[in-house]
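Novice: With the sequence up front, the predicted model follows.
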Amino acid sequence: MVKNYAEQFQSLRIAVLTVSDSRNEESDTSGQLLVEKLTDAGHQLANKRIEKDDLYTIRAVVAAWIASDDIQVVLITGGTGFTGRDSTPQAVIPLFDTVIDGYGELFRQISYNDIGSSTVQSRAVAGLSNGTIVFCMPGSTNACRTAWDGIIGEQLDASHKPCNFVGQLKAIDGSECASREAS
């Protein structure tokens with residue numbers, strides 16, 4: 001019996017953005033961890049960038065990725081704290097068609113086991129825009145590991161039950177149009 005397409009693993013095209021005023025490719029352990037996690041899971045790295053924590057730069061990069069026909073997922077690490085330079089949530093929330101409230105709530109719940117009440121200072125957020133899901137997490141490598149292992153990895157796997165986000169993402173391989181072409 002052939003599995004329903006929506007239940008089979010689908011390799012997604014994922015972009016990674018590190019928001020930092022101090023990291024570069026050599027010191028970006030959080031961005032590199034996310035690249036390793038996504039590729040180990042069978043997904044494809046569509047783009048990777050490091051940008052300064054500037055609201056308008058972040059918004060411009062993420063908006064371009066959301067508009068792209070080649071990116072289904074955006075992972076952002078950094079800029080989610082409470083310092084004056086942390087602007088990732090303010091940059092991306094206006095871009096969301098739908099906010100995924102449960103992501104931030106669950107991230108903080110899982111993080112509590114590692115960092116205790118300091119988790120209240122995390123402004124981890126996620127949302128859907130134009131068939132693209134955007135996950136924002138703190139800049140620490142451990143926080144990225146927590147987010148991927150505890151939430152993101154499963155939600156980007158079409159076989160995860162009872163539900164996942166894969167069916168809500170824009171198609172890139174043309175499979176949605178294949179049935180129309182055959183008729």
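Specialist: That came in fine, so what should we check first? Numbers count the residues shown, from 1 in each chain.

Novice: how about the helices of the protein, start to end?
Specialist: Under the criterion DSSP state H, helices of the chain are mapped to 29-40, 55-67, 88-92, 101-115, 141-147, 153-155, 175-182.

Novice: Surely residue 80 is in contact with residue 88?
Specialist: Yes - in this structure, residue 80 is within contact of residue 88 by CB atoms under 8 Å, at 5.2 Å. (C-beta placed from N, C-alpha, C; glycine too.)

Novice: Between the helices of the chain, which one is closest to residue 131.
Specialist: The minimum distance between residue 131 and the helices of the chain falls on helix 55-67, with 8.6 Å, by CB to CB.

Novice: and the helices of the chain, which one is worst for confidence?
Specialist: Mean pLDDT per stretch puts helix 175-182 lowest among these, at a mean of 38.

Novice: What spatial separation is found between residue 162 and residue 60?
Specialist: Relative to residue 60, residue 162 is positioned 37 Å away (CB to CB, to the nearest Å).

Novice: which one of the two has more residues nearby?
Specialist: For residue 162 versus residue 60, neighbours defined as other CB atoms under 10 Å are more numerous around residue 60 (13 against 4).

Novice: Residue 17 and residue 73 touch, don't they?
Specialist: No - using CB under 8 Å, residue 17 makes no contact with residue 73, being 11.3 Å away.

Novice: Please say which of those two ends up with more neighbours.
Specialist: Taking other CB under 10 Å, residue 17 and residue 73 do not tie; residue 17 has more neighbours (26 against 23).

Novice: For residue 116, see how far away that one is.
Specialist: As judged by CB to CB, residue 17 and residue 116 stand 28 Å apart.

Novice: ditto for residue 49
Specialist: From residue 49 across to residue 116, the span is 32 Å (CB to CB).

Novice: Repeat that for residue 152.
Specialist: For residue 152, the distance to residue 116 - CB to CB - is 22 Å.

Novice: likewise residue 123?
Specialist: Going from residue 123 to residue 116 by CB to CB gives 17 Å.

Novice: Which of the two has more residues huddled nearby?
Specialist: Using other CB under 10 Å as the criterion, residue 123 and residue 116 rank with residue 123 on top: 20 against 9.

Novice: wait, that one sits on residue 89?
Specialist: Yes - contact criterion CB under 8 Å: residue 123 and residue 89 qualify, at 4.8 Å.

Novice: what do the two both touch?
Specialist: 80, 136 (CB atoms under 8 Å, 6 or more residues apart in numbering).

Novice: bridging residues for the closest residue in space to residue 38 that isn't next to it in sequence?
Specialist: Spatial nearest neighbour of residue 38, excluding adjacent residues (CB to CB, 6 or more residues apart in numbering): residue 14 at 5.0 Å. As for beta bridges, residue 14 partners with residue 45, residue 73 under DSSP bridges.

Novice: now swap in the one 4 residues further on and tell me
Specialist: Beta-bridge partners recorded for residue 18 (DSSP bridges): residue 50, residue 77.
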